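S.K.: Structure of the sequence below:
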Amino acid sequence: AAPMMQQPTDHANILLLEDMDFESKRIQDTLSKDQDTVTIVSSGLDALTELNQKEFDLILVSLNLAKEDGIRFSSHLRSNEKTRATPIIMLAEEQDMARVAHGLEIGAHDYVMRPIDRNELLARVRSQIRHKRFQDKLRSNYEMSISMALTDPLTGLYNRRYLEAHLQKTLVSARENRKPVGFLYMDIDFFKTYNDSHGHQAGDECLRQVAQLI
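M.R.: Sure, this is the predicted structure:
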């Protein structure tokens with residue numbers, strides 16, 4: 001819990017789907033306290049356009065849109081690969097509690113009731129931003145550790161561990177599909193002499209250039 005609480009919550013990129021101008025301006029003004037960038041759209045189509053062009057830390061969705069169903073739009077966000085992990089906060093009125101419950105069931109993360117209290121909105125937005133950034137950091141660290149385990153840090157080429165993990169699968173697949181598979185073995189002539197004569201730094205650069213040529 002401590003590392004997650006240390007995640008910054010300011011300067012977030014937020015998408016707001018709201019067709020009431022006075023509410024949009026109030027929300028934007030509230031979030032400006034954290035120097036958040038709020039992109040305001042009034043239709044689902046415009047929201048999807050923005051989502052295709054930019055990365056957002058959080059999506060605020062009104063359930064009181066005049067011409068659209070905010071729950072249906074939230075469901076679409078949850079099924080979309082690009083927005084599946086992006087937190088959603090619903091904006092609703094008291095009579096919307098049944099729809100809010102349904103929204104939470106389909107994957108929305110939180111909700112704020114109208115009239116919107118500025119402090120409550122800030123607190124809930126910060127909580128979701130903090131959690132997302134923590135998850136993003138965990139995912140990045142995991143992907144980096146996998147990459148480091150399977151690649152050579154000097155050349156960027158896959159290493160022996162990767163070969164051992166995938167060679168057998170390649171052979172089995174080739175046998176099952178009755179397709180030929182070829183292997184190319186390469187060596188660098190006189191590398192030890194070059195390395196001893198010019199130093200390890202020059203030897204490392206030689207390996208990097210050979211890797212680039214391959």
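S.K.: Could you list the low-confidence segments of this protein?
M.R.: 1-5, 143, 147 (pLDDT under 70).
S.K.: Mind giving me the packing neighbours of the biggest helix by length in it?
M.R.: Secondary structure of the chain per DSSP state H: the longest helix is helix 118-150. Secondary-structure packing of helix 118-150 (3 or more CB pairs under 8 Å, 6 or more residues apart in numbering; DSSP states H and E): helix 2-5, helix 21-31, strand 58-62, strand 88-92, strand 110-113, helix 160-177. For every residue, glycine as well, the C-beta is placed using N, CA and C.
S.K.: For residue 82, find the nearest of the ones you listed.
M.R.: For residue 82, the closest of the helices and strands packed on helix 118-150 is strand 58-62, at 11.6 Å, according to CB to CB.
S.K.: How far away from the center of its chain is the following helix or strand past that closest one?
M.R.: For strand 58-62, the following helix or strand on the C-terminal side (DSSP states H and E) is helix 70-79. Centroid separation between helix 70-79 and its chain, computed with CA atoms, centre = their mean, to the nearest Å, is 18 Å.
S.K.: contacts for helix 70-79?
M.R.: Contact with helix 70-79 is made by 17, 44, 47, 51, 59, 61-64, 83-84, 86, 88, 90, 99, 102-103, 106-108, as judged by CB atoms under 8 Å, 6 or more residues apart in numbering.
S.K.: now those residues: which count as buried?
M.R.: When neighbours are counted using 16 or more other CB atoms under 10 Å, those contain these buried positions: 17, 44, 47, 51, 59, 61-64, 83, 86, 88, 90, 99, 103, 108.
S.K.: so who does residue 32 touch?
M.R.: Applying CB under 8 Å, 6+ apart, we find residue 32 in contact with residue 38.
S.K.: Relative to residue 65, how far out is it?
M.R.: 23 Å (CB to CB, to the nearest Å).
S.K.: ok, residue 206 to residue 163 distance?
M.R.: Distance of residue 206 to residue 163, given as CB to CB: 22 Å.
S.K.: which of these two has more neighbours?
M.R.: The neighbour comparison of residue 206 against residue 163 (other CB atoms under 10 Å) goes to residue 206, with 15 against 12.
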